[in-house]
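> the sequence isn't on hand, but the structure is:
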């Protein structure tokens, strides 16, 4: 808005001004990366100057080198793929069940009475406390990771779907009914879109819990994956690989965030607050 | 036969016939409070009737019963044309779906026929009739309050209803927009010939628009006036003013004057 106002005040804008205006717009998204870049720079210089011992924290170059080495050997791509698929499978299974329960309990009083109390009680158990039990049940099998991640993402998706469905404007529902919308059409055109902003909030929480659960599960009970790779490296004091694993988790988390943002922009384009995003 | 009745008869012969409304012994209570106590009312097909009264007199409840949004505790509501009169409602709020663009919101008004092939064209026609054809692709969030109510009017009219119930739809608009909306509403009614039931607390609005004004008090009809002045009515004419005075006297009591 401010840019429009200034450009109106200066109808005879010089090419220099036009250039500056464009470069400002191009640089805006890059500003967020200044702080991480500075951090890496300080980290690298401390390591190069010998202030930072390799046995405490390897330099960024060492981490990069480890990444290159493991990429060539095929270990890194394989472990990242395993972790990514585990996270996705857990999210899909737990998210789908949470979404289904959230819808059912939001739409049907009977279903709500039957299951909500149980679910709310179960919610207060930290799901990571179940790890000993899960190892007894599933060993260190894929099922153990899937179970833990699914359980972790279930609750935020359930709670926010339920809240979203319940907070749909009853005036809109009455309007839609008066125009003859029933059941599925009412759900698809009024209730689901009305609940969607809240469901996205749940999805963001769920993604955070998804990575957290996976890291813990892979560190304690796994034979593959990024977490396992880090634990193996610790055994052999390969700190560069340990740090690499942490960086990979950060990048995967950022990737998930980018995907959700894109989804939100596509699905919630009608929200005025998102227009400037 | 009054002039208004003659006009109603003429309009009733349009291609979508308006429906008459008959209410007998309507009773409706909310908890201990009896809002409507045995109300009888006959509305001729094509008539523009305004229902006025103080807040809490039961006028909105009456509208919700006629529109089928609530069911009466006792009594009968009949439309002359029988089964398929689907009264359309314009609410106090526009109640547009914020996640559907303007044209899709108008299509909602087609009811079961919104999946037919010409739904889009009909919705565009209705939108053009309220002067918003160029905003078809916009989100409701980008419209002004008056524009939103115009979209709501297009949505209510797109199915060519035989009865249109209006629940103070102009109450939240500024004075100028309200006058514009009144003319738009009157033009639509003259063109389409539906039976219109307007609930309002604005006496001037009732006098400007209605063939007949019914005053509700304590859940029963306290005053039933035919409004004769020819249309379009001129605000500030002596006849207009006298009518407004009569109704205000009845509403507020003669003591309001020194």
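Yep, that arrived. Computed from a predicted structure; not experimentally measured.
> from here on, contacts and neighbour counts on C-alpha atoms
Will do.
> quick check: longest helix in chain B by residues?
Longest helix of chain B, by residue count under DSSP state H: helix B:175-192.
> which strands border the helix or strand where residue B:197 lies, and is each parallel or antiparallel?
Here residue B:197, judged by DSSP states H and E, is contained in strand B:195-200. The strands beside strand B:195-200 in its sheet (DSSP bridges) come out as strand B:48-52 (parallel), strand B:163-167 (parallel).
> what does that strand rub up against?
Outside strand B:195-200, the residues that touch it by C-alpha atoms under 8 Å, 6 or more residues apart in numbering or on different chains are B:18-20, B:44-53, B:59-60, B:63, B:162-168, B:171, B:189, B:206.
> follow-up on the earlier one: let's have the strands paired with strand B:195-200 in JSON lines, adding mean neighbour count and mean pLDDT.
Converted to JSON lines, the strands paired with strand B:195-200 look like this (neighbours: other C-alpha atoms under 10 Å in any protein chain shown; pLDDT from 0 to 100):
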{"stretch": "strand B:48-52", "mean neighbour count": "26", "mean pLDDT": "93"}
{"stretch": "strand B:163-167", "mean neighbour count": "25", "mean pLDDT": "92"}
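> quick one: closest of the ones you listed to residue B:250.
Of all the strands paired with strand B:195-200, it is strand B:48-52 that lies closest to residue B:250, at 11.3 Å by C-alpha to C-alpha.
> taking their axis directions, that closest one and helix B:175-192 sit at what angle?
140 degrees (axes from the mean of the first three to the mean of the last three C-alpha atoms, to 10 degrees).
> could you give the average pLDDT over the helix or strand that strand B:48-52 is followed by?
Note on strand B:48-52: by DSSP H and E, the next helix or strand toward the C-terminus is helix B:59-66. The pLDDT scores in helix B:59-66 average 91.
> for helix B:59-66, packing partners?
strand B:33-43, strand B:163-167, strand B:195-200 (3 or more C-alpha pairs under 8 Å, 6 or more residues apart in numbering or on different chains; DSSP states H and E).
> how about those strands in TSV, adding distance to residue A:199?
Listed next are the helices and strands packed on helix B:59-66 as TSV, based on distance: least, C-alpha to C-alpha, whole Å:
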stretch	distance to residue A:199
strand B:33-43	40
strand B:163-167	34
strand B:195-200	38
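> pick the most deeply packed of those strands.
strand B:195-200 (a mean of 26; mean count of other C-alpha atoms under 10 Å in any protein chain shown).
> got the phi and psi for residue B:221?
phi -70, psi 120 (degrees, to the nearest 10).
> so who does it touch?
B:39, B:214-215.
> just for chain A, where's the confidence low?
In the predicted model, chain A carries pLDDT under 70 at residues A:1-27, A:273-277.
> which bits of it sit near chain B?
A:171-172, A:174-176, A:178-181, A:190, A:193-194, A:268-272 (C-alpha under 8 Å from any C-alpha of the partner chain).
> before we move on, the earlier item: can you tell which of the strands paired with strand B:195-200 is closest to residue A:133?
strand B:163-167 (60.7 Å).
> residues making contact with the closest one?
B:18-19, B:60, B:63, B:66-67, B:85-92, B:156, B:194-200.
> go with 6 Å
With contacts defined as C-alpha atoms under 6 Å, 6 or more residues apart in numbering or on different chains, strand B:163-167 is touched by B:87-92, B:194-199.
> for residue B:72, see how far away the residue lying closest to residue B:243 once chain neighbours are set aside is.
Once flanking residues are discounted, residue B:243 sits nearest to residue B:207: 7.3 Å by C-alpha to C-alpha, 6 or more residues apart in numbering or on different chains. Remark: distance between residue B:207 and residue B:72 (C-alpha to C-alpha, to the nearest Å) = 29 Å.
> look through the stretch 101-250 of chain B and state the residue closest to chain A.
residue B:111 (5.1 Å; C-alpha to the nearest C-alpha).
> just checking, that residue touches residue A:180?
Yes - counting by C-alpha atoms under 6 Å, residue A:180 is a contact partner of residue B:111 at 5.4 Å.
> how about the residues of the stretch 101-250 of chain B near chain A?
residue B:111 (C-alpha under 6 Å from any C-alpha of the partner chain).
> now do the helices in the stretch 101-250 of chain B.
Secondary structure of the stretch 101-250 of chain B (DSSP state H, counting those that start in this stretch): helices at B:102-108, B:119-129, B:145-157, B:175-192, B:203-209, B:238-252.
> okay, these in a markdown table with mean pLDDT next?
What follows is the helices of the stretch 101-250 of chain B, written out as a markdown table (pLDDT from 0 to 100):
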| stretch | mean pLDDT |
| --- | --- |
| helix B:102-108 | 93 |
| helix B:119-129 | 89 |
| helix B:145-157 | 92 |
| helix B:175-192 | 89 |
| helix B:203-209 | 87 |
| helix B:238-252 | 81 |
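> for these, which one sits closest to residue B:219?
Residue B:219 sits nearest to helix B:238-252 of all the helices of the stretch 101-250 of chain B, at 14.1 Å, using C-alpha to C-alpha.
> buried ones in the closest one?
When burial is assessed from 16 or more other C-alpha atoms under 10 Å in any protein chain shown, helix B:238-252 yields the following buried residues: B:240, B:243-244, B:247-248, B:251.
> now stretch A:98-108
Those would be A:98-107, for stretch A:98-108 by 16+ other C-alpha under 10 Å.
> now the strand holding residue B:197 against strand B:33-43, angle please.
140 degrees.
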